[in-house]
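Chemist: sequence plus the predicted model coming up.
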Amino acid sequence: MAIYSIRDLEKLTGIKAHTIRIWEQRYHLVSPARTGTNIRYYTDDDLRHLFNIALLNRYGHKISKLAKMQPVEIAARVAEIAATNSSPIAQVDALTLAMIDLDEQAFDRIFSSYSWEHGFEQTMLQLVYPFLDKLNVLWLTHSVSPAHEKFITNLIRRKLLVAIDKDPVDVQREGAKFLLYLPEGESQELTLLFIHYLLRSRRQKVVYLGAGTSLNDVRDACQAFQPDFVFTIIQGPLPRQSIQNYVDNAAKTANGGQLLLSGAQVFVNPVILPANARRIDGFPEMLRFLDELAQRQTETDSL
């Protein structure tokens with residue numbers, strides 16, 4: 001059984017700590033236990049109950065009335081809302097609970113339902129990435145364990161791999177050639193896989209090298225594949241070298257292709273970009289770039 005502080009509950013549920021205390025004192029909605037040294041803590045059951053209370057409260061149920069309802073009735077009403085309401089906020093909360101409970105069935109139900117209604121790409125953009133942003137905050141504040149993080153990211157990774165495999169390998173002759181990789185020590189594999197999906201779904205040619213790729217391996221792949229674009233993400237600091245030195249060397253390995261750079265390090269550091277390098281600031285800019293590329297390809301096809 002996991003235990004949580006009131007600050008953990010605040011970060012997980014979005015309910016302010018002082019509001020939780022008011023709900024405790026006035027309505028007895030949760031009752032924290034105490035350690036042998038008299039430190040208050042909350043359990044998984046408290047967390048689930050608060051999630052459900054917060055959701056019903058957002059949908060117009062008064063706290064005073066919720067306080068008189070049994071937990072089973074509250075859970076049943078939440079299930080009704082989850083089945084009929086596909087708003088990203090409600091579904092992000094549901095994904096958070098699925099992660100806390102290590103509930104693969106709940107995750108699959110939420111993901112599949114949203115994907116059926118909005119499509120895979122919008123599910124990733126509207127649901128999964130807002131959830132991952134929340135997970136990042138929870139991870140940095142130690143509100144979730146490594147087990148929870150590994151559980152949910154592996155489920156998302158599996159969804160991405162299945163979606164990538166559904167798109168045909170044979171692409172249009174005029175499709176641009178992309179090489180995707182992550183530097184050694186970089187952990188943004190979910191984002192790189194999603195970029196892979198976006199390219200495959202738009203009929204571009206992709207070679208995916210994945211995580212932990214050295215520049216020597218990138219150079220070898222570029223010599224064989226001759227990519228038009230080399231895409232990578234540099235989110236964390238690079239060991240043993242400056243970001244400027246790495247970018248300069250990466251641009252040289254592109255073998256005449258354009259180096260596309262994303263991640264915090266290429267924006268927070270004063271990097272001077274080589275002539276064949278370009279920054280990509282998140283998914284909105286990446287999608288615009290792909291739209292522009294598709295437009296150029298369409299114009300070329302019509303000539």
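Modeler: In hand now; what should we look at? Numbering: from 1, shown residues only.

Chemist: check contacts around Ser242.
Modeler: Applying C-beta atoms under 8 Å, 6 or more residues apart in numbering, one finds that Ser242 lies in contact with no residue. Using the backbone N, CA and C atoms, a C-beta is placed for each residue, glycine as well.

Chemist: can you list the buried residues in stretch 288-299?
Modeler: Residues of stretch 288-299 classed as buried by neighbour count (16 or more other C-beta atoms under 10 Å): Leu290, Leu293, Gln297.

Chemist: helices along the stretch 201-303 of the chain, start to end?
Modeler: Assigned by DSSP state H, counting those that start in this stretch, the helices in the stretch 201-303 of the chain fall at 215-225, 243-253, 265-268, 282-302.

Chemist: ugh, wrong one, I meant the stretch 51-200 of the chain
Modeler: Counting by DSSP H, counting those that start in this stretch, the stretch 51-200 of the chain has these helices, from start to end: 63-66, 71-84, 88-100, 104-118, 120-123, 129-140, 146-166, 189-201.

Chemist: just want the angle from the second one to helix 88-100.
Modeler: Regarding helix 71-84 and helix 88-100, their directions subtend 120 degrees when assessed with axes from the mean of the first three to the mean of the last three C-alpha atoms, to 10 degrees.

Chemist: separation between Gly36 and Leu56?
Modeler: Separation of Gly36 from Leu56 (C-beta to C-beta, to the nearest Å): 35 Å.

Chemist: those two: who's more crowded?
Modeler: Leu56 (19 against 5; other C-beta atoms under 10 Å).

Chemist: contacting residues for that one?
Modeler: Contacts were defined as C-beta under 8 Å, 6+ apart; by that measure Leu56 touches Leu66, Ile74, Arg77, Val78, Ile81.

Chemist: give me the buried entries from the residues you listed.
Modeler: The neighbour count (16+ other C-beta under 10 Å) marks Leu66, Ile74, Arg77, Val78, Ile81 as buried among the contacts of Leu56.

Chemist: put together CSV for these, with distance to Asp103 on each row.
Modeler: Converted to CSV, these look like this (distance: C-beta to C-beta, whole Å):
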residue, distance to Asp103
Leu66, 23
Ile74, 18
Arg77, 19
Val78, 14
Ile81, 17
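
Chemist: for His196, give me the pLDDT.
Modeler: With respect to pLDDT, His196 scores 96.

Chemist: isn't it right next to Ile164, touching?
Modeler: Yes - judged on C-beta atoms under 8 Å, His196 makes contact with Ile164 at a distance of 5.6 Å.

Chemist: between those two, who's got more neighbours?
Modeler: His196 (23 against 18).

Chemist: and that one, how far is that from Trp23?
Modeler: 45 Å.

Chemist: Arg7 is nearest to which of the helices of the stretch 201-303 of the chain?
Modeler: Nearest to Arg7 among these is helix 265-268 (27.4 Å), distances taken as C-beta to C-beta.

Chemist: in that closest one, what counts as buried?
Modeler: Neighbour counts using 16+ other C-beta under 10 Å place Gln265, Val266 of helix 265-268 among the buried residues.

Chemist: ok, residues contacting it?
Modeler: The contact list for helix 265-268 (C-beta under 8 Å, 6+ apart) reads Ile234, Gln235, Gly236, Pro237, Leu238, Ile243, Val247, Arg279, Asp281.

Chemist: those residues in strands, which ones?
Modeler: Arg279 (DSSP state E).
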